[in-house]
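S.K.: Give me coordinates for this.
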Amino acid sequence: PNTSRPLSSSIFPTSVVGANYPLYSVKMASVMRVVCLAAVLFPSAVLAFNSRVVPRHTQFRGSSSFGKGGEYSTRHHDNGVTDRRTGGGLFMNNGGNNDGDTPIDPNPGGLNKWSDDDDNKKSFKDMSFFEQIQEWFASDEGKEDVKTYTVSLSVALLLRLLIIEPRYIPSLSMYPTFEVGDQLAVEKVTKRIRPFNRNEVVVFNPPETFREIVGQSSRKSKEALIKRIVAVEGDQVEVKGGKLFVNGVRQEEPFTAEDAEYQFGPVVVPSGDVLVLGDNRNHSLDGHIWGFLPAENVIGRAVFVYWPPWRVGNTGMF
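M.R.: This is a model prediction of the structure:
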């Protein structure tokens with residue numbers, strides 16, 4: 001039986017101890033998930049910002065000019081009508097001739113549908129928070145941003161559901177390949193197109209026998225696990241003298257923490273199943289206790305560690 005003791009509550013324990021906790025997502029793991037999601041959303045956000053439409057209430061309506069003697073003239077256009085405030089000035093007109101009678105609009109034809117109703121409209125910064133939200137959703141800019149973020153989020157969730165997802169290591173059952181706090185990427189595509197091989201590290205949903213051992217009501221019975229495949233269907237497996245034998249051949253396993261202190265087998269792996277063991281052989285609740293793993297329970301293959309930075313890589317995963 002497995003005699004390992006529980007892992008301390010710290011995610012970075014100071015001593016190396018055995019643990020049989022399942023692989024599950026915890027709050028600390030969500031940090032890197034947010035980073036991954038941000039990496040998908042950021043380019044779309046930049047694109048949306050650079051293509052934003054200037055809100056209608058911030059656009060220019062009308063024009064102004066100086067007249068003879070320093071007069072300031074202001075004209076607003078409403079269906080072609082010009083409102084002019086005079087006091088003598090230097091007016092601009094065709095050909096550069098200043099007859100003082102015919103001012104020239106420096107912005108002809110610009111926004112001639114402006115009305116007095118816009119003068120009564122609140123500026124964006126004077127609105128309440130909820131009014132700002134409503135205004136933003138009603139604007140062309142807001143509609144475009146919502147569309148952009150919806151598409152980006154959908155793509156990110158689709159990638160996570162079908163292609164690759166992050167996982168967090170909470171125990172030392174796979175030490176020294178993985179340490180507590182490691183975060184790794186699990187790809188979910190190749191399991192559909194090629195068979196599983198020995199020495200591959202896989203993440204999987206626990207089989208029924210595992211649930212019976214830990215208790216159906218236990219949280220651990222519903223969480224994913226991570227182990228290494230040591231034998232595939234048709235293989236004869238035996239553990240003796242601390243070493244693993246597959247089809248009578250002793251296996252070289254440089255990735256294990258120590259020799260096994262138990263005897264197992266010989267047994268033959270049934271069709272459609274694999275046998276998985278933890279690299280920390282004497283501190284892992286794995287196939288030598290609960291039996292064979294149905295291949296259909298596999299979620300995906302572990303491909304590389306992406307966090308922490310000093311442990312980035314895929315050493316020992318294949």
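
S.K.: Packing partners of the longest strand along the chain?
M.R.: The longest strand of the chain (DSSP state E) is strand 298-307. On a contact count with 3 or more C-beta pairs under 8 Å, 6 or more residues apart in numbering; DSSP states H and E, strand 298-307 meets strand 164-168, strand 183-187, strand 201-204. From N, CA and C alone the C-beta is placed, and that goes for glycine too.

S.K.: switch to 10 Å and redo it
M.R.: helix 27-50, strand 164-168, strand 183-187, strand 201-204, strand 225-232 (3 or more C-beta pairs under 10 Å, 6 or more residues apart in numbering; DSSP states H and E).

S.K.: since we're on Ser139, how many residues are nearby?
M.R.: Using other C-beta atoms under 10 Å, the number of residues around Ser139 comes to 18.

S.K.: Phi and psi next, for it.
M.R.: phi -80, psi 160 (degrees, to the nearest 10).

S.K.: any idea of the angle the longest strand of the chain forms with strand 164-168?
M.R.: Per axes from the mean of the first three to the mean of the last three C-alpha atoms, to 10 degrees, the angle that strand 298-307 makes with strand 164-168 is 70 degrees.

S.K.: which parts of strand 298-307 are buried?
M.R.: Of all the residues in strand 298-307, those buried under the rule 16 or more other C-beta atoms under 10 Å are 298-303, 305-307.

S.K.: Glu179 against Leu172, yeah?
M.R.: Yes - between Glu179 and Leu172 there is a contact at 7.0 Å, judged by C-beta atoms under 10 Å.

S.K.: Pick out whichever of the two has more residues nearby.
M.R.: Leu172 (25 against 17).

S.K.: For that one, which three-state class applies?
M.R.: coil (DSSP: H, G, I helix; E, B strand; the rest coil).

S.K.: same check, this time on the one 3 residues further on
M.R.: For Tyr175, the secondary structure call by three-state DSSP comes out as coil.

S.K.: which intervals of the stretch 1-150 of the chain have sub-threshold pLDDT?
M.R.: 1-122, 124 (pLDDT under 70).

S.K.: can the buried residues of strand 298-307 go into TSV with extra columns for pLDDT?
M.R.: Shown next, in TSV, are the buried residues of strand 298-307 (pLDDT from 0 to 100):
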residue	pLDDT
Val298	96
Ile299	95
Gly300	95
Arg301	95
Ala302	95
Val303	93
Val305	95
Tyr306	93
Trp307	92
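
S.K.: Need those residues in a markdown table (columns: distance to Phe264).
M.R.: Below are the buried residues of strand 298-307 laid out as a markdown table (distance: C-beta to C-beta, whole Å):
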| residue | distance to Phe264 |
| --- | --- |
| Val298 | 21 |
| Ile299 | 25 |
| Gly300 | 26 |
| Arg301 | 24 |
| Ala302 | 24 |
| Val303 | 28 |
| Val305 | 29 |
| Tyr306 | 34 |
| Trp307 | 34 |
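
S.K.: Can you report how many residues lie near Gln216?
M.R.: Close neighbours of Gln216, defined as other C-beta under 10 Å, add up to 9.

S.K.: Hmm, it is touching Glu208, no?
M.R.: Yes - look at Gln216 against Glu208 with C-beta under 10 Å: they come within range, at 9.4 Å.

S.K.: Assign the closest residue to Gly241 other than its chain neighbours to helix, strand or coil.
M.R.: Closest residue to Gly241 apart from its sequence neighbours, by C-beta to C-beta, 6 or more residues apart in numbering: Asp259 at 7.9 Å. Under three-state DSSP, the three-state class of Asp259 is coil.
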